[in-house]
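Asks: no sequence for this one, just the structure:
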């Protein structure tokens, strides 16, 4: 009986670990066309406005040290890739005054910050930052959770290859 209990406990632990890994380490599939977004002035924005562009979409929170820490490299990558028809968008569900303050403080030159009307948890975003790359046809071609050095030569090459 003890062996059966131990085996059941091990299986339950493995299932729980797999669930948590899936929830926090694998970027979920998102229907980007259904996102409800506004700009920092509260005006409605849709990703349809960026049709034909290669979209790098980054979900973040202002309280997330990794998110804030990767913004300089992200902004630099956006500047490097802009001539290749890339647009970089960062999305948060935090209040507009907080996002406006963060935008000013970060001094981003090449990234558009948008506000999600829905809470990011409703979109199954549980890990920050979570990033997606969509090709010009709107298909997800790359996704990643956690911080990255987005302006490294290897990552720039990868992003270009994924959208070709």
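Replies: On my side now, so go ahead. Because the structure is predicted, anything quoted here is derived from the model rather than measured.
Asks: Can you verify my assumption that residue 140 contacts residue 132?
Replies: Yes. When contacts are counted by CB atoms under 8 Å, residue 140 is listed as touching residue 132 (5.6 Å). Using the backbone N, CA and C atoms, a C-beta is placed for each residue, glycine as well.
Asks: what residues are shared contacts of these two?
Replies: 30, 32 (CB atoms under 8 Å, 6 or more residues apart in numbering).
Asks: which of the two has more neighbours?
Replies: When neighbours are counted by other CB atoms under 10 Å, residue 140 and residue 132 differ, and residue 132 comes out ahead with 20 against 16.
Asks: any idea whether the closest residue in space to residue 52 that isn't next to it in sequence is helix, strand or coil?
Replies: Leaving aside its sequence neighbours, residue 52 sits nearest to residue 136 (CB to CB, 6 or more residues apart in numbering; 5.4 Å). Recorded secondary structure, residue 136: coil (DSSP: H, G, I helix; E, B strand; the rest coil).
Asks: surely residue 136 meets residue 85?
Replies: Yes. The pair residue 136 / residue 85 is scored as a contact, 6.8 Å apart, by CB under 8 Å.
Asks: Need the per-residue pLDDT for the residue nearest to residue 152 when sequence neighbours are not counted.
Replies: Distance criterion CB to CB, 6+ apart; nearest residue to residue 152, sequence neighbours excluded, is residue 73 at 7.7 Å. Per-residue pLDDT puts residue 73 at 97.
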